[in-house]
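Chemist: Test case, fold it:
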Amino acid sequence: MKTRGRRSPAPFELALREGDELFELNRFGHFLLVSETGVHLGRSRRANESTFISHESITHVAHHRRTLSLATRQGLHVVVRGRRRPVAFGEVHDAIERRIARLPGGLQQLSRFRELDQRQQQAGLPWVTSTVVGICLVLHLLQVSDPFVSEVGAFVRELVGQGEYWRLVTAHFLHDATWSFSATEMDAAVPLLFRLPFHIVLNCLLASLLGWLVEPALGRLRTVWVLGMAAFGANLLCALFQTPPMLGASGLVLGLAGALLALEVSVPERLPATWRVPRRTLLLALALQAVGDWFLPFIAWAAHLGGFLGGYTAGRLVAKPAARRDRAPSWLRGAVAALAGVFVLGVAGMAPLVMRMGWAFNDHARHVLALPDPTSFTLNNLAWRMATETDVLGVAPAPALALAQRAVGESGRSNPDYLDTLAEIQFGAGDAASAVETIEEAIELAPGDAYFAAQRDRFTGRRAAGDRPASPPLPWFLRGPAGPPRWVEDDGLDI
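Modeler: As a prediction, the model looks like this:
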């Protein structure tokens, strides 16, 4: 892989000079030439030009079995050998250092190499980013088992404005729970590939990769600082520009990318080669991300941009002290402690709703009713949860009843499922007569539906009041007395 460098004379002329060492990299003719003045990287020995890296500009050299990394202040050059070329990059490494040792100040330059080698060896695991990934995975499992977690944890600007401040924290650790372990007809109709949790898998992989580059360079406390500022930037821009609900760790991931760019701009000479990426690659990846954010409507571009700006700004503030390995100042320690407290408060704020506490549901219902344009689905879904998963109907049924009535009204009383929710709440509140009247209206819209008929039997006393029939897995227009809907074919799909 070639990055920026200045042109050099033809490689076959350089190869004839006494003392030069030529290494063939692959069968396509790519080569590496170590001369007295620098390293020449070329695509072919017959080419008239190559990329030249002077020995004085090299800040660190690292090698593995098939790769050699040459770090300079201007960027990173990564050389890859072919499988059939027995090039020993250890020999190339030694050849470069022998040439550097002959330069004025070369011994000091090699001493800095040794310092970076030692720093690389002493770097521990990226515990901060690994913890973030672990929290995301644990919460994702909770989301899969309880989809309501996504509803109460996503960033919704209007609900945050009404006091649900925990969403500023929880939204960064939740993801789209698209994976389904159920075996309904609807699940069977969706190919397995499209039910994989791409959102969380991609974010966790990117966070882990960037964590291995950023956290060893910044240290744990400064990494927490970067993540906190990335979350702040994502929240700020989402509040200013983006109204749809937002969830996902993408803002944190872009914050790490911003910190990586800040390190590359501020202190490239103080980073081991293995902690860097070629600048063109990094900038190209960021440019592609920006294009995707602009053209894909389902991506939270404000969260991405805010997270990147927050991470870059925070990284610029702490990059040089981190490179000097300065002890974290008191203000940074206080900020990290505050961020940890904010995280704990955020999880604690969401917990009462996840635990189905009635008072929390009533407060949340009032907040949803105050929204300017909640969907009828949102209203009905929350009302049904309050009726079937909490004890609010026997204490304070008014918020749940208001939700159901508004959902029915906004649907034009044309959705039998919404009418069933209203009837369930009326029955739980002690108004059996209204419940029977409402469920009769649902039966008129969906005649022959066994579920609605069983509900009517409950409300009229023919069935025990506590013997509620199981909720159907499909909406009313996809189910019927004849069994599964016709569009679901028995074609042996592996679910």
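Chemist: Contacts made by stretch 342-358 with the rest, please.
Modeler: For stretch 342-358, the surrounding residues in contact (C-beta atoms under 8 Å, 6 or more residues apart in numbering) are 142, 146, 148-149, 152-153, 164-170, 228, 359-361, 364, 385, 389-392, 395-396. Just so you know, the C-beta spots here come from the backbone N, C-alpha and C atoms, and that holds for glycine as well.
Chemist: Selecting buried members of the residues you listed in ChimeraX, what would you type?
Modeler: Buried subset of the contacts of stretch 342-358, written as a ChimeraX selection, criterion 16 or more other C-beta atoms under 10 Å:
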select :142,148,149,152,153,164,166,167,168,169,170,228,360,361,364,385,390,392,396
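Chemist: Sitting in helices, which of the contacts of stretch 342-358 do you find?
Modeler: Residues of the contacts of stretch 342-358 located in helices (DSSP state H): 142, 148-149, 152-153, 167-170, 228, 359-361, 364, 385, 389.
Chemist: Among the residues you listed, which pair sits farthest apart?
Modeler: Using C-beta to C-beta, the two most remote members of the ones in helices among the contacts of stretch 342-358 are Gly228 and Glu389, lying 33.9 Å apart.
Chemist: helix or strand right after the helix or strand harbouring Thr438?
Modeler: For Thr438, the host element (DSSP states H and E) is helix 432-445. Next helix or strand after helix 432-445 toward the C-terminus (DSSP H and E): helix 450-460.
Chemist: What lies in contact with that next one?
Modeler: In contact with helix 450-460 (C-beta under 8 Å, 6+ apart) are residues 416, 420, 423-424, 427, 432, 435-436, 439-440, 442-443, 446, 463-465, 467-469, 471-472, 479, 481.
Chemist: From these, list the buried ones, please.
Modeler: 416, 420, 423-424, 427, 432, 435-436, 439, 442-443, 446, 463, 472, 479.
Chemist: In this protein, what residue spans correspond to strands?
Modeler: 6-7, 21-24, 31-34, 38-42, 51-54, 58-63, 67-72, 76-80 (DSSP state E).
Chemist: Redo those strands as a markdown table? Include distance to Leu237 and mean neighbour count.
Modeler: Listed next are the strands of the chain as a markdown table, based on distance: least, C-beta to C-beta, whole Å; neighbours: other C-beta atoms under 10 Å:
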| stretch | distance to Leu237 | mean neighbour count |
| --- | --- | --- |
| strand 6-7 | 40 | 10 |
| strand 21-24 | 49 | 17 |
| strand 31-34 | 45 | 23 |
| strand 38-42 | 41 | 24 |
| strand 51-54 | 39 | 19 |
| strand 58-63 | 35 | 22 |
| strand 67-72 | 33 | 23 |
| strand 76-80 | 30 | 20 |
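Chemist: closest one to His93 among those?
Modeler: strand 58-63 (4.8 Å).
Chemist: so what strands line up beside the closest one?
Modeler: strand 67-72 (antiparallel) (DSSP bridges).
Chemist: what about Leu218, distance to Val336?
Modeler: Separation of Leu218 from Val336 (C-beta to C-beta, to the nearest Å): 12 Å.
Chemist: Could you check which of these two has the larger neighbour count?
Modeler: Leu218 (26 against 20; other C-beta atoms under 10 Å).
Chemist: so what pLDDT did the more buried one get?
Modeler: Leu218 carries a pLDDT value of 96.
Chemist: What about the residue lying closest to it once chain neighbours are set aside, how many residues nearby?
Modeler: Computed as C-beta to C-beta, 6 or more residues apart in numbering, the closest residue to Leu218 that is not its neighbour in sequence is Ala322, at 4.6 Å. For Ala322, the neighbour count with other C-beta under 10 Å is 24.
Chemist: same check, this time on Arg81
Modeler: A count of neighbours around Arg81, defined by other C-beta under 10 Å, yields 21.
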